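Peer 1: next input, structure requested:
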Amino acid sequence: MPLGVWFIVTVLCTDLTYFGACHAFGQPVSAALLLMFVLVTLHHSWLGVRVVIEDYVHGGGAKLAALLGSQFLHVLLAFVGSLAVLRIALGENG
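Peer 2: Residues are numbered from 1 along each chain as shown. Prediction:
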């Protein structure tokens, strides 16, 4: 919850351009908080999707495939999100 509040306040107080966002999230503390926000949000999403799959997907094979696909997608998104935050934090702004 505190990370969500921090993220919303930061976005509302930031120039909503690419370079404004890079400046706001390029600071070490902001980058660390953004990285935590991305990872915690994806973990929370994965937990929720897992419960939905377990409750509503019937059949062992389909359920296993859906769970593995969801986990793979969430890990991939965590990797891409982490890479994006690190690029901003290290000043590689394209």
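Peer 1: on contacts alone, who are the packing partners of the helix or strand R50 falls within?
Peer 2: Counting by DSSP states H and E, the element that carries R50 is helix 28-56. In terms of contacts (3 or more Cβ pairs under 8 Å, 6 or more residues apart in numbering; DSSP states H and E), helix 28-56 is packed against helix 2-12, helix 18-25, helix 60-89. (C-beta placed from N, C-alpha, C; glycine too.)
Peer 1: low pLDDT regions in this structure?
Peer 2: Applying pLDDT under 70 to the chain picks out residues 93-94.
Peer 1: residue most distant from the centroid, it?
Peer 2: No residue in the chain sits farther from the centre than G59, which is 30.1 Å out by Cα atoms, centre = their mean.
Peer 1: show the backbone phi and psi for it.
Peer 2: phi 100, psi 130 (degrees, to the nearest 10).
Peer 1: wait, what's in contact with the residue nearest the centre of the chain?
Peer 2: Residue closest to the average C-alpha location in the chain (Cα atoms, centre = their mean): V38, at 2.9 Å. Contact analysis of V38 by Cβ atoms under 8 Å, 6 or more residues apart in numbering lists A78, G81, S82, V85.
Peer 1: report the spatially nearest residue to the third one, omitting neighbours in sequence.
Peer 2: Spelled out, that is S82. Using Cβ to Cβ, 6 or more residues apart in numbering and skipping the chain neighbours, the partner closest in space to S82 is L35 (6.2 Å).
Peer 1: so what's the residue count around the one you found?
Peer 2: For L35, the tally of surrounding residues (other Cβ atoms under 10 Å) stands at 19.
Peer 1: count the residues that sit near the closest residue to H74 other than its chain neighbours.
Peer 2: In space, not counting the residues next to it along the chain, H74 is nearest to W46; the distance is 4.2 Å by Cβ to Cβ, 6+ apart. Per other Cβ under 10 Å, the neighbour tally for W46 reads 18.
Peer 1: check the one 4 residues further on too.
Peer 2: Around R50 sit 15 other residues, with neighbours defined as other Cβ under 10 Å.
Peer 1: repeat for L33
Peer 2: 18.
Peer 1: looking at it, it is touching G4, isn't it?
Peer 2: No. Using Cβ atoms under 8 Å, L33 is not in contact with G4, being 10.9 Å away.
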